[in-house]
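J.: fold the stuff below for me.
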Amino acid sequence: KVDMESFKDYFTVEKRAYDRRNKAVVLTLKRGKAFPLNESDFKRLLAGAGEHLSARLTIEALARGYVLCEFYDNKNKFLGFSHQRISQLRETETVELSLPAPRDGRPSRIRISY
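T.: Take a look at the predicted model:
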């Protein structure tokens with residue numbers, strides 16, 4: 001399962017796979033219509049976010065071009081994380097992320113956040 005509530009308006013997870021050779025979870029993200037493509041888009045979104053911290057942090061993560069991907073097991077125990085570059089979504093409709101699988105535990109959920 002992939003939890004990406006903060007980014008649901010900006011991109012979706014189109015495909016999930018496991019790369020056994022590289023021991024990585026591979027996610028294919030697809031840019032949504034609301035994804036900001038340029039500075040004026042970012043400024044417009046920030047102006048609309050007002051004082052809502054979560055919305056502002058989400059937009060700032062999109063502007064930086066990186067997201068945080070956290071792994072959790074079925075008991076909601078944190079297993080590890082990686083930062084992933086998504087700025088390519090400004091130029092292409094999809095981007096493939098390769099998330100190194102945690103060494104300990106078996107992940108059942110990935111949370112994408114700012």
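
J.: and stretch 14-28, end to end?
T.: One end of stretch 14-28 sits 5 Å from the other (Cα to Cα, to the nearest Å).

J.: so how far is it from its chain's centroid?
T.: 14 Å (Cα atoms, centre = their mean, to the nearest Å).

J.: what's the mean pLDDT across that stretch?
T.: Across stretch 14-28, pLDDT averages out at 95.

J.: and stretch 84-102, by the same measure?
T.: Averaged across stretch 84-102, pLDDT comes to 97.

J.: show me the contact partners of that stretch.
T.: 11, 14, 18-19, 22-31, 35-38, 62, 64-69, 71, 79-80, 82, 107, 110 (Cβ atoms under 8 Å, 6 or more residues apart in numbering). Just so you know, the C-beta spots here come from the backbone N, C-alpha and C atoms, and that holds for glycine as well.

J.: can you give me the strands in the protein?
T.: For the chain, the strands defined by DSSP state E occupy 2-3, 11-19, 24-31, 66-72, 78-85, 94-100, 109-113.

J.: ok, the nearest residue to D19 once chain neighbours are set aside - contacts?
T.: Leaving aside its sequence neighbours, D19 sits nearest to V26 (Cβ to Cβ, 6 or more residues apart in numbering; 5.3 Å). Listed by Cβ under 8 Å, 6+ apart, the contact partners of V26 are K15, R16, A17, Y18, D19, E96, L97, S98, L99.

J.: for G105, give me the pLDDT.
T.: Note for G105: predicted pLDDT of 84.

J.: give me the phi and psi for it.
T.: Main-chain torsions, G105, degrees, to the nearest 10: phi 80, psi 170.

J.: any idea how far it lies from G50?
T.: Distance, G105 to G50, using Cβ to Cβ, to the nearest Å: 39 Å.

J.: sorry, back to before: which one of the contacts of V26 is nearest to R44?
T.: Distance to R44 across those (Cβ to Cβ) is lowest for L97, with 26.4 Å.

J.: beta partners for that closest one?
T.: As for beta bridges, L97 partners with L27 under DSSP bridges.

J.: burial check on it, number of neighbours?
T.: Neighbourhood size, L97 [other Cβ atoms under 10 Å]: 19.
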